[in-house]
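S.K.: here is a sequence together with a model predicted from it:
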Amino acid sequence: MSDTGTLDRLEAIIVQRRGADPEASYVARLNAKGIGKISQKLGEEAVETVIAALSEDNEALVGEAADLLFHLLVLLGARGVPFASVLEELDRREGISGIEEKASRIS
Ligand SMILES: N=c1c2ncn([C@@H]3O[C@H](COP(=O)(O)OP(=O)(O)OP(=O)(O)O)[C@@H](O)[C@H]3O)c2ncn1[C@@H]1O[C@H](COP(=O)(O)O)[C@@H](O)[C@H]1O
């Protein structure tokens, strides 16, 4: 069964693979190209996710969402931000309505 443990394991794999041979590892190759290229890839995967959602092809959406999460973890890793920090931020927001939060920023 998949859960956040899946993302935790993937984060650990990404850390390991960052220093691998760029000829043999996509993670290493992407990191070698730098934060700009990683960010560009994340943006492309976000757009591909949106296209899949609008096409109403849920199988494609699952694949693109997986690509998106993978590239987000690569980006966070490249910036030295632990995935746990993102989860902590989501925990902090738990129970805070998005509508109320936005209203508190506007007023
Ligand atoms: N989860 C993934 C994963 N998801 C997507 N991808 C790769 O992400 C790339 C993005 O897809 P694109 O079609 O956009 O890529 P592309 O055609 O190479 O893109 P460009 O040439 O246009 O930049 C593809 O090469 C996918 O294979 C992934 N590559 C690796 N992983 C995980 O990372 C681990 C380590 O991978 P390596 O570093 O390659 O050993 C693997 O064991 C997996 O667990």
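M.R.: Arrived safely. Numbering: from 1, shown residues only.

S.K.: not counting its neighbours along the chain, what's nearest residue 11?
M.R.: Nearest residue to residue 11, sequence neighbours excluded (C-beta to C-beta, 6 or more residues apart in numbering): residue 83, at 4.8 Å. To be clear about C-beta, it is placed using only N, CA and C from the backbone, and glycine gets the same treatment.

S.K.: neighbours around that neighbour, how many?
M.R.: Number of residues near residue 83 (other C-beta atoms under 10 Å) recorded here: 19.

S.K.: now swap in residue 29 and tell me
M.R.: 15.

S.K.: and the residue positioned nearest the centre of the chain, what is it in contact with?
M.R.: By C-alpha atoms, centre = their mean, the chain has its centre lying nearest to residue 72, at 2.2 Å. Neighbouring residues of residue 72 by C-beta atoms under 8 Å, 6 or more residues apart in numbering: residue 42.

S.K.: same check on residue 97?
M.R.: Per C-beta under 8 Å, 6+ apart, neighbours of residue 97: none.

S.K.: for it, give me phi and psi.
M.R.: Dihedral angles of residue 97 (phi, psi; degrees, to the nearest 10) stand at phi -60, psi 140.

S.K.: which residues touch the host helix or strand of residue 48?
M.R.: Counting by DSSP states H and E, the element that carries residue 48 is helix 35-54. With contact meaning C-beta under 8 Å, 6+ apart, helix 35-54 is reached by 30-31, 60-61, 63-65, 67-68, 70-72, 74-75, 78-79.

S.K.: which two among these are spaced furthest apart?
M.R.: 60 and 79 (28.7 Å; C-beta to C-beta).

S.K.: please identify which of the two sits among more neighbours.
M.R.: The residue with more neighbours, out of residue 60 and residue 79, is residue 60; 15 against 10, by other C-beta under 10 Å.

S.K.: now residue 76: closest residue in space, sequence neighbours ignored.
M.R.: Nearest one to residue 76, counting by C-beta to C-beta, 6+ apart, is residue 83 at 6.1 Å.

S.K.: just to revisit the earlier point, check which residues of the helix holding residue 48 are buried.
M.R.: The neighbour-count check on helix 35-54 (16 or more other C-beta atoms under 10 Å) flags 38, 41-42, 45-46, 48-49, 52 as buried.
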